[in-house]
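> The amino acid sequence is not available; the structure is as follows:
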């Protein structure tokens, strides 16, 4: 196999399973130190029609999942998964479900400066562990500073809008309807926050000299 294994991760920063999936992939890669990788985060908006200012989280999710009880059960399930991955989900701190387009632009911008993964990490942690409103330009600017990216001017401009829309459209053309979705070497798909051993197994198959076209779906 020539060159690093490329991993394109389609995700949204308001998707808790995307945060869990990030951790599981990272753990899988620690078991594969001989496999060089190149990871790129790609945009996928779960709520593309969300108002720019976002909406009140509990009411929005209660309508989406049918009841507060159903929402709480889902949160408990995700929180339990988070504990095993070292993630302290604090859903009670989150008051707003944001429009994430600006956050995806920021992730794109951070990639140009070699700080994409750090930016994604800061966004996940800020939203899910600190309740940060990641639809706010001022909040995003602070999170960018924490990730080593100076982005105040960028966030006030229009740069990256077309590029993010093109990347998101590419994901839809691949047939992606849910995230996280991991595309390895442009041809192998893993859907969902799969267990670590699934990531390891798929990567080993791809990295093998006689790798066959292998797709694992959730």
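Perfect, thanks for sending it. Values in this document were obtained by computation on a predicted structure and should not be read as measured data.
> All the strands of the chain, residue numbers only.
With strands called from DSSP state E, the chain shows them at 5-11, 37-43, 55-56, 96-97, 181-184, 188-191.
> quick one: the helices in the chain?
For the chain, helices defined by DSSP state H occupy the ranges 16-30, 57-65, 68-84, 101-112, 116-130, 137-146, 152-155, 161-173, 196-207.
> Turn those into TSV, including distance to residue 5, mean neighbour count and mean pLDDT.
For every residue, glycine as well, the C-beta is placed using N, CA and C. TSV is the format used below for those (distance: least, Cβ to Cβ, whole Å; neighbours: other Cβ atoms under 10 Å; pLDDT from 0 to 100):
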stretch	distance to residue 5	mean neighbour count	mean pLDDT
helix 16-30	9	20	98
helix 57-65	35	15	89
helix 68-84	25	14	94
helix 101-112	18	23	98
helix 116-130	15	21	98
helix 137-146	28	18	97
helix 152-155	30	16	95
helix 161-173	19	14	97
helix 196-207	6	18	95
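> among those helices, which is nearest residue 4?
Among these, the nearest to residue 4 by Cβ to Cβ is helix 196-207 (10.2 Å).
> Just the angle for the closest one relative to helix 16-30, thanks.
60 degrees (axes from the mean of the first three to the mean of the last three Cα atoms, to 10 degrees).
> Run through the neighbouring helices and strands of helix 196-207.
strand 5-11, helix 16-30, strand 181-184, strand 188-191 (3 or more Cβ pairs under 8 Å, 6 or more residues apart in numbering; DSSP states H and E).
> Reformat these as a markdown table; add distance to residue 131.
Output for the helices and strands packed on helix 196-207, formatted as a markdown table (distance: least, Cβ to Cβ, whole Å):
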| stretch | distance to residue 131 |
| --- | --- |
| strand 5-11 | 19 |
| helix 16-30 | 13 |
| strand 181-184 | 26 |
| strand 188-191 | 28 |
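> quick one, which of those is nearest to residue 132?
Closest among the helices and strands packed on helix 196-207, using Cβ to Cβ: helix 16-30, at 13.5 Å.
> The closest residue to residue 51 other than its chain neighbours: how many residues sit nearby?
For residue 51, ignoring the flanking residues on the chain, the nearest one in space by Cβ to Cβ, 6 or more residues apart in numbering is residue 99 at 6.4 Å. Using other Cβ atoms under 10 Å, residue 99 has 21 other residues around it.
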